[in-house]
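*Asks:* Show me the folded form of this:
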Amino acid sequence: MKIYHSIEEFPSDVKTVITTGTFDGVHKGHRVVINRINDIAHKNGLQSLVFTLNPHPRHVLYPEDQQLKLINSIDEKIQALKNTGLQNLVVYEFTKKFSRMNSVHFIRDILVNKLNMKHMVVGFDHHFGRNREGTFDNLVELSHFYDFQLEQIQPQNIEKITISSTKIRKAIIDGDIMKANQYLSSNFSLFGKVIRGNGIGRKIDFPTANIKLNYKWKILPKNGVYAVIVNIGKEKKNGMLNIGVRPSISDNTFSIEVNIFDFKDNIYDREINVEFIKRIRDEKKFINLESLKNQLIIDEIHCRNFFAI
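*Replies:* Sure, this is the predicted structure:
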């Protein structure tokens, strides 16, 4: 997959089939659209292209609003898109100036004139241009005027529920990781650097890797304990992770810490990826460290039994 951060870099002799969007999560609904543009490209001598924006428009237009957290950082999104067979990705910088571009100019000046669009595929609820003014009906008119083919993909459902990034984000916030993973094309994960903690886990025979996130807009699951898969370079290990304020330690400092099963290497300052597989329980306050240790023993048995299935 070729990645472009400027439309000026895109070769003038490459004809494309395009879809546009934020693609947060690169979920199963997104995959249907991307698979379709790949198929059209293969059959018609075109190249598939996704046009996406970074940063997220809401983070630029409403910087005081800290509510919207995202499933993917831009690096995670790029990696997920690489795994779809996509040929070209344009990551366009979203600015307030760009937000004022109307829908006609976006289609004509960027997609048609700069990215050589011959075919466009959109999802069922597609809007574009200033204030999301552009609709599918507008696209139909523009497709005739600027001579490109147009196709709309119908909503993708799982158990009669339409898949969307919004619903996946809600499932993650609620701690319903298994539902989120069902909608995603891969397990929900987070990426960060291992930093030094207070060493309490090691004192009770449950050493943990404390994780510092490298993306401030990353959505996080509900506080609690989770069964996880930890990716350390090319090595995969099972483990259990606590996310929350550690009420038993009494400092109420938010932390993300993972106990990696059957692993003793020093990984301070290394970056790891943690995949969330199953929620085990809520975060609890214990009367002492011995009670906490006893619960962690039960949690480990629960996680190991789950992974053994």
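*Asks:* List the contacts of the residue positioned nearest the centre of the chain.
*Replies:* Centroid-nearest residue in the chain: N72, 2.6 Å away (criterion: C-alpha atoms, centre = their mean). By C-beta atoms under 8 Å, 6 or more residues apart in numbering, N72 lies in contact with F23, D24, G25, V26, A80. Heads up, the C-betas are built off the backbone N, CA and C, glycines and all.
*Asks:* any idea how far it is from T52?
*Replies:* As judged by C-beta to C-beta, to the nearest Å, N72 and T52 stand 10 Å apart.
*Asks:* anything in contact with each of those two?
*Replies:* Common contact partners of N72 and T52 (C-beta under 8 Å, 6+ apart): F23.
*Asks:* The lowest-mean-pLDDT helix or strand in the chain: what's the following helix or strand?
*Replies:* Across the helices and strands of the chain, mean confidence by mean pLDDT, DSSP states H and E is lowest for strand 157-158: a mean of 68. The first helix or strand that comes after strand 157-158 along the chain, using DSSP states H and E, is strand 161-162.
*Asks:* Identify each buried residue in the helix or strand just after that next one, please.
*Replies:* Tracing the chain past strand 161-162, the next element assigned as helix or strand by DSSP H and E is helix 165-173. Residues of helix 165-173 classed as buried by neighbour count (16 or more other C-beta atoms under 10 Å): S165, K167, I168, R169, A171, I172.
*Asks:* Next: stretch 218-234.
*Replies:* Residues of stretch 218-234 classed as buried by neighbour count (16+ other C-beta under 10 Å): 218-219, 221-222, 224-232.
*Asks:* what's the most distant pair in those?
*Replies:* Taking C-beta to C-beta as the measure, the buried residues of stretch 218-234 reach their widest spread between K222 and I232, a distance of 25.2 Å.
*Asks:* coming back round to it: ok, the buried residues of stretch 218-234 vs I277, which is closest?
*Replies:* Comparing the buried residues of stretch 218-234 against I277 with C-beta to C-beta picks out A227 as the nearest, at 4.8 Å.
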